[in-house]
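>>> sequence-free structure coming up:
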Ligand SMILES: C[S@@+](CC[C@H](N)C(=O)[O-])C[C@H]1O[C@@H](n2cnc3c(N)ncnc32)[C@H](O)[C@@H]1O
């Protein structure tokens with residue numbers, strides 16, 4: 001069941017890879033760049049550190065890390081969609097960062113790196129899509145060194161009732177309609193469903209604790225439509 005779900009999600013991302021960046025910036029009015037920058041800022045990378053950008057998509061987080069932290073030793077941009085990775089690869093080469101960012105085909109539930117390989121990791125708008133979320137978080141913990149940081153950036157439902165009404169209208173009605181002109185409408189119908197199914201902050205904190213993380217902060221951004229969950233690997 002989870003295998004099938006993972007397969008369908010991978011196919012969906014392969015199908016929208018070509019228009020993914022355009023739609024991201026368009027539908028979020030460009031605010032998505034600010035969200036990623038904030039997550040990367042919280043990583044606070046030191047000299048010679050190794051960083052993982054899991055569910056990297058077209059590589060925006062990995063590129064931001066490389067630009068902001070020239071002192072980082074290496075950055076791995078991992079994703080299970082070949083279409084997304086191809087886009088990431090092209091952007092990394094265009095930016096001249098091929099010596100510092102390494103795209104890797106990998107599932108979050110089975111990361112092909114040894115225990116404690118990374119000093120820090122980010123997963124931006126990815127964990128919601130991971131079919132076996134607990135397993136994915138356990139794997140992220142395994143590949144981080146003890147004390148290593150994990151930043152999870154994820155869409156969330158605003159708490160304020162009037163904002164929530166507007167948000168639901170935009171997300172459930174307007175967004176799939178707009179997206180249908182540029183990309184696969186079905187993928188943008190999946191988006192609000194996946195956010196509605198995603199655990200709230202308390203449930204997600206619990207899930208992360210079960211996987212061996214200690215939550216340091218859960219910071220809502222832009223009226224709570226996105227939350228940045230900052231955690232460290234325990235033990
Ligand atoms: C919404 S995109 C986010 C991409 C990027 N991090 C960003 O900030 O734009 C979600 C990404 O997660 C990837 N993904 C979903 N499930 C995954 C899994 N189980 N393992 C690895 N990648 C996965 C998809 O292929 C897709 O590229």
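Right, received. Where do you want to start? Worth saying up front: this structure is predicted, and the values here are computed from it rather than measured. Residues are numbered from 1 along each chain as shown.

>>> and the closest residue to residue 74 other than its chain neighbours, what is it in contact with?
Nearest residue to residue 74, sequence neighbours excluded (Cβ to Cβ, 6 or more residues apart in numbering): residue 50, at 5.4 Å. Where you see a C-beta, it was placed from the backbone N, CA and C, and this is true even at glycine. For residue 50, the contacting residues are 72-76, 117-119, by Cβ atoms under 8 Å, 6 or more residues apart in numbering.

>>> residue 69 now?
By Cβ under 8 Å, 6+ apart, the residues touching residue 69 are 43, 45, 49, 51.

>>> same thing but at 6 Å, please
Shown in contact with residue 69 (Cβ atoms under 6 Å, 6 or more residues apart in numbering): residue 45.

>>> for residue 81, same thing?
Going by Cβ under 6 Å, 6+ apart, residue 81 touches 10, 13-14.

>>> ok, back up a step: which one of the contacts of residue 50 is nearest to the ligand?
Nearest to the ligand among the contacts of residue 50: residue 76, at 12.1 Å, using Cβ to the nearest ligand atom.

>>> and the helix or strand of the chain with the lowest mean pLDDT, anywhere near the ligand?
The helix or strand of the chain with the poorest confidence is helix 175-182; it has a mean of 80 (mean pLDDT, DSSP states H and E). No: applying Cβ under 6 Å from any ligand atom, one finds helix 175-182 out of contact with the ligand, separated by at least 12.8 Å.

>>> cool, and stretch 137-145?
No: Stretch 137-145 lies out of reach of the ligand by Cβ under 6 Å from any ligand atom, never closer than 9.4 Å.

>>> same for whatever helix or strand residue 40 lives in, what does it pack against?
Assessed by DSSP states H and E, residue 40 sits inside helix 31-43. Packing partners of helix 31-43 (3 or more Cβ pairs under 6 Å, 6 or more residues apart in numbering; DSSP states H and E): helix 60-68, strand 118-124, strand 144-155, strand 226-233.

>>> how close does residue 47 get to the ligand?
25 Å (Cβ to the nearest ligand atom, to the nearest Å).

>>> and the helices in the protein?
Assigned by DSSP state H, the helices in the chain fall at 2-16, 20-27, 31-43, 60-68, 82-94, 133-143, 161-168, 175-182, 185-197, 201-210.

>>> residues in contact with stretch 85-96?
17, 56, 58-59, 63, 77, 79, 98, 101, 103.

>>> no further queries at this time; thank you.
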